[in-house]
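[1] Structure, please.
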Amino acid sequence: MNKMNISSFICVGGILTTLAVLFQAAPVFLPAIGLFLSPLSTLPIAIAAVSNIPLGLTVFFSSILILTMISIQESIILLFTTGLLGIVIGTLLFRKGIISSIVFSSIALSIGIMFLTYIVGIPAFVDLTSSFSTVLTFLIFLLFSLIYASICNIFIKKFINYLTKLKIIS
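    Purely as a prediction, here's the structure:
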């Protein structure tokens, strides 16, 4: 899918955007179950970016735009965490290797979480970190991000290899 015509770009982008929005907005419509579905919004963005970086960016920003109409909080979370993670993984995983992808995606996720905590002030993050020093909070976020990004990279690599084997993507 490296060379995409405009029709394929729009169709694939629309489907992947829809999936990313549905997964990220799940906590709004399904409060308990949705929290487990929302991390899956990384997957369609990563698939798009693996296929074609401009497609990945299009899916990322169109998902943010649509989510803004549903839930501004979910839109901000996608922008700085799950979506950002998908863009970094999708861009680097098959182009620079899994180690580079893990390192850079975990750094991006850590910075995104820190931004949500200290600049945006998302209540869940602020409550979680109120009793820790900033340095300890950063180390905790970095360790969490490293583990989370490693799991995501491994899962996404296996999933994309499976899609390639099925000839759904090339």
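[2] Which pLDDT value goes with residue 124?
    Per-residue confidence for residue 124 comes out at a pLDDT of 73.
[3] go on, residue 87?
    For residue 87, the pLDDT comes out at 98.
[4] Same check on residue 132?
    pLDDT for residue 132: 81.
[5] Could I get the contacting residues of it?
    By C-beta atoms under 8 Å, 6 or more residues apart in numbering, the residues touching residue 132 are residue 140. From N, CA and C alone the C-beta is placed, and that goes for glycine too.
[6] For it, pull up the helix or strand it's in.
    Counting by DSSP states H and E, no helix or strand carries residue 132.
[7] Angles on the backbone of it, please.
    Per-residue torsions, residue 132: phi -110, psi 150 (degrees, to the nearest 10).
[8] and what of residue 143?
    According to degrees, to the nearest 10, residue 143 has phi -60, psi -50.
[9] What count of nearby residues applies to it?
    12 (other C-beta atoms under 10 Å).
[10] Residue 85 now?
    Close neighbours of residue 85, defined as other C-beta under 10 Å, add up to 27.
[11] So which other helices or strands are in contact with the helix or strand where it lies?
    Assigning secondary structure by DSSP H and E places residue 85 in helix 83-92. Under the contact definition 3 or more C-beta pairs under 8 Å, 6 or more residues apart in numbering; DSSP states H and E, helix 83-92 sits against helix 6-29, helix 42-51, helix 53-70, helix 98-115, helix 134-165.
[12] which stretches of this protein have low pLDDT?
    1-3 (pLDDT under 70).
[13] do that again at 90, thanks
    1-5, 8, 31-32, 116-138, 167-170 (pLDDT under 90).
[14] re earlier: turn the helices and strands packed on helix 83-92 into TSV, including distance to residue 80.
    TSV is the format used below for the helices and strands packed on helix 83-92 (distance: least, C-beta to C-beta, whole Å):
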stretch	distance to residue 80
helix 6-29	12
helix 42-51	13
helix 53-70	10
helix 98-115	4
helix 134-165	12
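[15] Out of those, flag the one nearest residue 36.
    Across the helices and strands packed on helix 83-92, residue 36 has its closest neighbour in helix 6-29 (8.2 Å, C-beta to C-beta).
[16] what's in contact with the next helix or strand after the closest one?
    Once the chain leaves helix 6-29, the next helix or strand it forms, by DSSP H and E, is helix 31-37. Residues from elsewhere that reach helix 31-37 (C-beta under 8 Å, 6+ apart): 23, 25, 26, 27, 28, 30.
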